[in-house]
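Visitor: fold the following.
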Amino acid sequence: MAAAMVSYASGGVLQVSIKGADGKKGVWQVALYSADDAFLEKPFKTKKVAATGGETDVVFEDLPEGCYAVAIYLDENGNEKLDTNFIGFPQEPYGFSNNAKGGILGPPSFDKAKFALSGNDLSIRIVLT
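Guide: Residues are numbered from 1 along each chain as shown. You can find the predicted model right below:
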């Protein structure tokens with residue numbers, strides 16, 4: 001019984017599978033957001049994971065129940081920013097939870113990318129743009 005309580009108290013686990021960067025190298029910059037007003041500005045948690053050229057899994061542990069959104073990009077040149085062209089369109093692979101797409105004027109909203117994490121562990125897949 002005590003082991004079950006410890007497991008529950010430690011929070012949920014989110015596994016993010018990233019697909020669509022076949023043959024590409026660099027570092028995955030993965031940001032987890034927990035609030036609409038912080039989306040794409042102030043992540044709740046971040047991870048950096050070396051890209052191996054195939055599908056990659058990133059795991060966030062000890063997450064409280066709630067709504068979250070994930071934004072990722074592949075930093076191919078190691079400058080720790082998403083490179084864009086002269087009009088602001090991303091030049092490195094990127095993606096969002098729910099495979100949410102933005103509009104012509106920018107990225108998707110938190111509402112389009114959000115998902116609920118409740119008590120159980122969750123696995124999501126993001127396919128890169």
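
Visitor: any idea how many residues pack against D36?
Guide: 12 (other CB atoms under 10 Å). From N, CA and C alone the C-beta is placed, and that goes for glycine too.

Visitor: any idea how far it lies from K114?
Guide: 8 Å (CB to CB, to the nearest Å).

Visitor: what mean pLDDT does stretch 12-28 have?
Guide: Average pLDDT, stretch 12-28: 90.

Visitor: actually, stretch 122-129.
Guide: Mean predicted lDDT for stretch 122-129 stands at 93.

Visitor: tell me the buried residues in that stretch?
Guide: By 16 or more other CB atoms under 10 Å, the buried positions in stretch 122-129 come out as L122, I124, I126, L128.

Visitor: mind listing which of these are in strands?
Guide: L122, I124, I126 (DSSP state E).

Visitor: wait, doesn't the last one sit right on L14?
Guide: No: between I126 and L14 there is no contact, the gap being 11.7 Å when judged by CB atoms under 8 Å.

Visitor: run a quick neighbour tally on G12.
Guide: G12 has 19 neighbours, counted by other CB under 10 Å.

Visitor: swap in the one 10 residues further on?
Guide: The number of residues packed around D22, counting by other CB under 10 Å, is 9.
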